[in-house]
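# sequence unknown, structure follows:
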């Protein structure tokens, strides 16, 4: 990136650009007219930055309550930890009063970590570091220093704990192999040698080195029906070293946890009971569905799918229960006839363990009616079954 690009971003976070951002946010419904207005007084580059920032702020509202005051890049917003998850993670650092956030991005975790602590960010991309510092300045009277450079092992030497979000984009694609990320597992090991109290944010499907499994706690975190990330907690940050954990966060940040051993077998039920039970995405990502089934006395509908079955709905937020209304073999004509008979026009489609194109199936079913329902598709025995159900929890 050349100096003129950085200068344009410095302008973007300045008071001079604030009036243009405000104007663009109010006039965004007429993009052609708005672009013309901006181009009369701004360069093409700065016009693009204003328009792009307004769009990114609108998208950012899903992750951040104060998104309309923040600054983003497309990559930075996509990779940033959302506010609810970040605040939950920051609470794990409650005993640390000094923390460094390495590869801090636009500041998703940094913003949560700085509450009540002395915090510093490190980000190798100069533009992203600039935006992270601006976000911290906009949302707090406390000044947070963000260093625009590569991380150093010495960064973790004089703090009580550290957080790291490695870059998973390598050569244009994403990877779940930690040895290919930046920094890689060798560098992370050096950070741990200098300071054991660390947390490493990873993609849910990341393959964790065997050496970490015994000394760290690995936690998968779900929010808004999606497993957002896994976090490897080391040192004093790990409250259950050597264990896997799944955590479900409600919209207001309340957490429900489950700890257990992975890949435990689940007995297949001889008969499907009254309810289908779907484990939380964090349970599935952590491969704890067997442990959950054992703890809740559940059985599987099939050995090839994660759906479980129960006689009554479960109250845990780590599961979703569906009350069965009809169960039939997977035949499009029969399913379509059933939906018409029940006047189901609002249909949620879900599948596990079967290769069925849900978009194509929805077109085939051509649902019409005033009622709502959920259609669950799954293997059973040697075939595929369709379960028409309603959400019970």
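Cool, the structure landed. These figures come from a predicted structure and were not determined experimentally. Residues are numbered from 1 along each chain as shown.
# contacts only, for the spatially most central residue of the chain.
Here the mean C-alpha position of the chain is nearest to the C-alpha of residue 228 (C-alpha atoms, centre = their mean), at a distance of 2.0 Å. Going by C-beta atoms under 8 Å, 6 or more residues apart in numbering, residue 228 touches 81-82, 85, 204, 221-222. Just so you know, the C-beta spots here come from the backbone N, C-alpha and C atoms, and that holds for glycine as well.
# in what helix or strand does it lie?
Secondary-structure assignment from DSSP states H and E places residue 228 in strand 226-233.
# partners of that strand, with directions?
According to DSSP bridges, strand 226-233 forms sheet pairs with strand 198-202 (antiparallel), strand 217-223 (antiparallel).
# what lies in contact with the longest one?
Strand 217-223 is touched from outside by 82, 84-85, 88-89, 204, 208, 212, 227-233, 238-249, 251, 280-283, 285-286, with contacts defined as C-beta under 8 Å, 6+ apart.
# average pLDDT across that strand?
For strand 217-223, mean pLDDT is 97.
# now that strand, how far from the centre of its chain.
Once both centres are worked out by C-alpha atoms, centre = their mean, to the nearest Å, strand 217-223 turns out to sit 10 Å from its chain's centre.
# same thing with the shortest one?
Going by C-alpha atoms, centre = their mean, the spacing between the C-alpha centre of strand 198-202 and its chain's C-alpha centre is 14 Å.
# neighbouring contacts of that strand?
81, 89, 92-93, 109, 156, 161-166, 176, 178, 188, 191-192, 208, 229-235, 237.
# of these, buried ones?
Buried members of these, counted by 16 or more other C-beta atoms under 10 Å: 81, 89, 92-93, 109, 156, 161-166, 178, 188, 191-192, 208, 229-235, 237.
# looking at those, which are in strands?
Among the buried ones among the contacts of strand 198-202, the ones falling in strands (DSSP state E) are 161-164, 229-233.
# and of these, the nearest to residue 125?
Closest approach between these and residue 125, by C-beta to C-beta: residue 164, at 15.3 Å.
# neighbours of the residue nearest to that closest one when sequence neighbours are not counted, just the number please.
Leaving out its chain neighbours, the residue that sits closest to residue 164 by C-beta to C-beta, 6 or more residues apart in numbering is residue 102, at 4.4 Å. As a burial measure, residue 102 scores 26 neighbours (other C-beta atoms under 10 Å).
# residue 102 reaches residue 159, doesn't it?
No - using C-beta atoms under 8 Å, residue 102 is not in contact with residue 159, being 10.4 Å away.
# give me the three-state assignment for residue 276.
strand (DSSP: H, G, I helix; E, B strand; the rest coil).
# what helix or strand is the closest residue to it other than its chain neighbours on?
Distances taken as C-beta to C-beta, 6+ apart place residue 322 nearest to residue 276, at 4.5 Å, with adjacent residues excluded. Using DSSP H and E, residue 322 falls within strand 319-329.
# right, I'll call it a day here.
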